[in-house]
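Chemist: I'd like to go over a predicted model; first the sequence, then the structure.
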Amino acid sequence: MRVKGFSAAAVQAGIRYRDRLDLGLIYSDVPAVAAGAFTTNLVKAAPVLLDMERLRQGRAQAVLVNAGNANACTGERGMEVAVATAAMAARQLGIDEELVQVASTGVIGEQMATEPFARAMPELAGALSADGFDDLARAMMTTDTRPKTATATVFLDGVEVSVLGVAKGSGMIMPDMATMLCFVVTDAQIVFPVLRQIVKSGVDRSFNRITVDGDTSTNDTVLVMANGAAGNPWIDEENPEAARIFAGAVHAVFRELALKIVEDGEGATKLVTIRVTGGRDAESAMNAAQTIANSALVKTAFFGEDANWGRIIAALGRSGCVFSPDRVSISFDDVLMVQNGQGLGRAAEEAATAVLGQRHFTVTVDLGDGMETAEVYTCDLSVDYVKINADYRS
């Protein structure tokens, strides 16, 4: 898909890797309305701190993203590098440097040189193309095994509006957000307050519902840019129906990218939805779902295709959720395995084990205590996860 007024490119800059794309650029022909969300980790990388400051104006025109070095825990020098590389892109594009967002992913704690950026910038800007987003998605990858893109199209008063997103993420994935970068571009014409709310609510429903390993990164960034090139009637507070339709498209892109991140979790072989129903309140239901989704014992059982429901109810018991154990039911897809806190026998276990052999499945835990529901998306924990992270810096 092409999005009017946007282009992207990627090059081999040699920031850490050799013979692969590792530096990308997104460019809007005009300054765009922009809103974002960032890591909740107290330790924030220099690019995150810079972007948070610049996004207060609600405008952006370009995003410069690199892989291989997170530029995190790099002190004053790290911020200097973030500012300097943004300025390089601005000069090459002929735009205000305050309109350039920067994003980095990779190893934490290593200083990043500016020379590779300086050498690569002319080629990078010269390669900008409306078809460049696939290359951009590849340039953002670290331990990802595949690039991640998603698109959506809606019509607002008969005007076609396009939404295109790219993301990276595979490990160090845990709400709130994850070790992930996500950039979404759209030609919609929208006011900043409405876009900001759409981004916030969409992140809460997607990227804040995924976990691979329970670790929250220093560099998490979600950024949405809307340049208005579609020429649709303004999406604003006076046009709630258009806002609802457009939000649906953005949220669909967010969710698709979020699920692709979990499915590509480091060493993952299964994508699992943890659904908690019958919660007394929303917070309790979410705590229960997240605790189960993050349990190493539960996740290794998924990998081993062992329908060990005792691990699930044990995780539930330490989640902080108040419930009655003798009301709990547990199902694997449509196979009821536990009812009123008691296992239903060997036949149910064998049927549940067959479900665990699938690539995608849902574990439903009914607390029997109320009306609230929560979902979290997770994956199994495999031997390869340990291997990947043991060798990450080498």
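Modeler: Thanks, I have it.

Chemist: Backbone dihedrals for residue 277, both of them.
Modeler: In terms of degrees, to the nearest 10, the main-chain angles of residue 277 are phi -120, psi 170.

Chemist: For residue 365, see how far away it is.
Modeler: Plainly put, residue 277 is 7 Å away from residue 365 if you go by Cβ to Cβ, to the nearest Å. Glycine gets a C-beta too; all of them are placed from N, C-alpha and C.

Chemist: now swap in residue 90 and tell me
Modeler: 51 Å.

Chemist: Equivalent analysis for residue 31, please.
Modeler: From residue 31 to residue 365 the distance is 47 Å (Cβ to Cβ).

Chemist: and these two? which has more neighbours close in?
Modeler: Under the criterion of other Cβ atoms under 10 Å, the comparison of residue 31 against residue 365 puts residue 365 first, with 28 against 17.

Chemist: Report the secondary structure state of that one.
Modeler: Following DSSP: H, G, I helix; E, B strand; the rest coil, residue 365 is assigned to strand.

Chemist: That one against residue 273, yeah?
Modeler: No - using Cβ atoms under 8 Å, residue 365 is not in contact with residue 273; the gap is 11.3 Å.

Chemist: which helices and strands does the helix or strand containing residue 276 pack with?
Modeler: Using DSSP states H and E, the element containing residue 276 is strand 271-279. For strand 271-279, the elements it packs on are helix 240-263, helix 282-294, strand 360-366, strand 372-379, judged by 3 or more Cβ pairs under 8 Å, 6 or more residues apart in numbering; DSSP states H and E.

Chemist: and the longest one, average pLDDT?
Modeler: Model confidence over helix 240-263 averages 95 on the pLDDT scale.

Chemist: again, but for stretch 279-291
Modeler: 93.

Chemist: What of stretch 13-20?
Modeler: 92.

Chemist: Endpoints of it, how far apart?
Modeler: Its start and end residues considered, stretch 13-20 measures 8 Å (Cα to Cα, to the nearest Å).

Chemist: What pairs with the longest strand along the chain, parallel or antiparallel?
Modeler: Ranked by number of residues, the top strand in the chain under DSSP state E is strand 23-38. Next to strand 23-38 in the sheet, as set by DSSP bridges, lie strand 6-11 (antiparallel), strand 59-69 (antiparallel), strand 221-226 (antiparallel).

Chemist: what's the next helix or strand after it packed up against?
Modeler: The helix or strand immediately downstream of strand 23-38 is helix 46-54, counting by DSSP H and E. Under the contact criterion of 3+ Cβ pairs under 8 Å, 6+ apart, helix 46-54 touches strand 23-38, helix 75-93, strand 100-107, strand 221-226.

Chemist: just the strands paired with strand 23-38: most buried one?
Modeler: Each of the strands paired with strand 23-38 was scored by mean neighbour count; the highest is strand 221-226, a mean of 27, by mean count of other Cβ atoms under 10 Å.

Chemist: what residue ranges in the stretch 201-350 of the chain score low on pLDDT?
Modeler: 213-217 (pLDDT under 70).

Chemist: List the contacts of residue 276.
Modeler: The contact partners of residue 276, by Cβ atoms under 8 Å, 6 or more residues apart in numbering, come to 285-286, 288-289, 292, 364-367, 373-375.

Chemist: please redo it, this time with the cut-off set to 6 Å
Modeler: Shown in contact with residue 276 (Cβ atoms under 6 Å, 6 or more residues apart in numbering): 285, 288-289, 365, 374.

Chemist: Is residue 132 in contact with residue 11, as I believe?
Modeler: No - using Cβ atoms under 6 Å, residue 132 makes no contact with residue 11, being 10.4 Å away.

Chemist: From residue 321, how far out is residue 282?
Modeler: 11 Å.

Chemist: So for those two, which sits in the more crowded spot?
Modeler: residue 321 (24 against 13).

Chemist: So the more buried one sits against residue 284, correct?
Modeler: Yes - between residue 321 and residue 284 there is a contact under Cβ under 6 Å: 4.2 Å.

Chemist: buried stuff in the helix or strand encompassing residue 136?
Modeler: Assigned by DSSP H and E, residue 136 falls within helix 133-139. Within helix 133-139, the residues that qualify as buried are 133, 135-139, counting by 16 or more other Cβ atoms under 10 Å.

Chemist: check which helix or strand covers residue 15.
Modeler: Here residue 15 is assigned to no helix or strand, by DSSP H and E.

Chemist: List the contacts of it.
Modeler: Contacts of residue 15 by Cβ under 6 Å, 6+ apart are 22, 66, 68-69, 116.

Chemist: could you dump the residues you listed to CSV with distance to residue 250?
Modeler: CSV is the format used below for the contacts of residue 15 (distance: Cβ to Cβ, whole Å):
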residue, distance to residue 250
22, 28
66, 25
68, 29
69, 30
116, 33
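
Chemist: Let me know the closest of those residues to residue 257.
Modeler: Ranked by distance to residue 257 (Cβ to Cβ), the contacts of residue 15 are led by residue 66 at 19.5 Å.

Chemist: isn't the closest one right next to residue 105, touching?
Modeler: No - taking contacts as Cβ under 6 Å, residue 66 lies outside contact range of residue 105: 7.5 Å.

Chemist: The strand holding residue 276 pairs with which strands, and in what direction?
Modeler: Counting by DSSP bridges, strand 271-279 is paired with strand 360-366 (parallel), strand 372-379 (antiparallel).

Chemist: Which stretch among the ones you listed is buried most, on average?
Modeler: Highest mean neighbour count among the strands paired with strand 271-279 (mean count of other Cβ under 10 Å): strand 372-379, a mean of 22.
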